[in-house]
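Asker: got a predicted structure here, sequence first:
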Amino acid sequence: MLVGDKLKKIRELKNFTQEYMATKLEMSQSGYGKIERDETEISYQKLEKIAEVFGIKVEDIINFNEKLVFNVMHNQTGNGYVVNQGISDKEKELYDQIIKQQKEEIIYLRGLIEKIGNR
């Protein structure tokens, strides 16, 4: 997947328009469109600015893998979210472990906050 494709997918996931991105980057909409279509070279500095607008790191753009992202599906009742079936069982297990660890950490940190608040 080329950088322009990744930028387009991330922009769409953020519900940003090309016009919004162009405004934030102080460039024309057609100029930003050329970036997404890989019709122009993109400097690292420009990529940093784009990452900043997205609220992510440059590495997140470079490592972006749409197979690991939730696909937005429009159904008859409105917007629904369906997990892309491209995730292997091993990846799912890893994500489940990470989620479990984060939940445990949240419980621990809430306990610390409660202790501090009771002083």
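Answerer: Nice, I can see it.
Asker: what helices or strands is the biggest helix by length in the chain leaning on?
Answerer: Assignment by DSSP state H gives helix 89-117 as the longest helix of the chain. Contacts defined by 3 or more Cβ pairs under 8 Å, 6 or more residues apart in numbering; DSSP states H and E place helix 89-117 against no helix or strand at all. The C-beta positions use only the backbone N, C-alpha and C, and glycine is treated the same way.
Asker: tally of neighbours for the nearest residue to Glu48 once chain neighbours are set aside?
Answerer: Spatial nearest neighbour of Glu48, chain neighbours left out: Val58 (5.8 Å); criterion: Cβ to Cβ, 6 or more residues apart in numbering. Val58 has 15 neighbouring residues, counting by other Cβ atoms under 10 Å.
Asker: Val58 touches Lys46, doesn't it?
Answerer: No: the criterion here is Cβ atoms under 8 Å, and Val58 misses it with Lys46 at 10.4 Å.
Asker: mind listing residues that contact stretch 39-54?
Answerer: For stretch 39-54, the external contacting residues (Cβ atoms under 8 Å, 6 or more residues apart in numbering) are 3-4, 7, 10-11, 14, 16, 21, 24-25, 31, 34-35, 57-58, 60-61.
Asker: what's the answer for stretch 5-16, then?
Answerer: So stretch 5-16 is contacted by 17-18, 21, 35-36, 38, 50, 53-54, 56, 61-62, 64, 66, 69, 72 (Cβ under 8 Å, 6+ apart).
Asker: could you pull up the residues touching the residue nearest to Glu48?
Answerer: By Cβ under 8 Å, 6+ apart, Val58 lies in contact with Tyr44, Leu47, Glu48, Ala51.
Asker: Throw these into a markdown table and include neighbour count, thanks.
Answerer: Listed next are the contacts of Val58 as a markdown table, based on neighbours: other Cβ atoms under 10 Å:
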| residue | neighbour count |
| --- | --- |
| Tyr44 | 8 |
| Leu47 | 16 |
| Glu48 | 12 |
| Ala51 | 18 |
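Asker: domains of the protein?
Answerer: The chain is divided into the following domains under automatic domain parsing: 3-68, 88-119.
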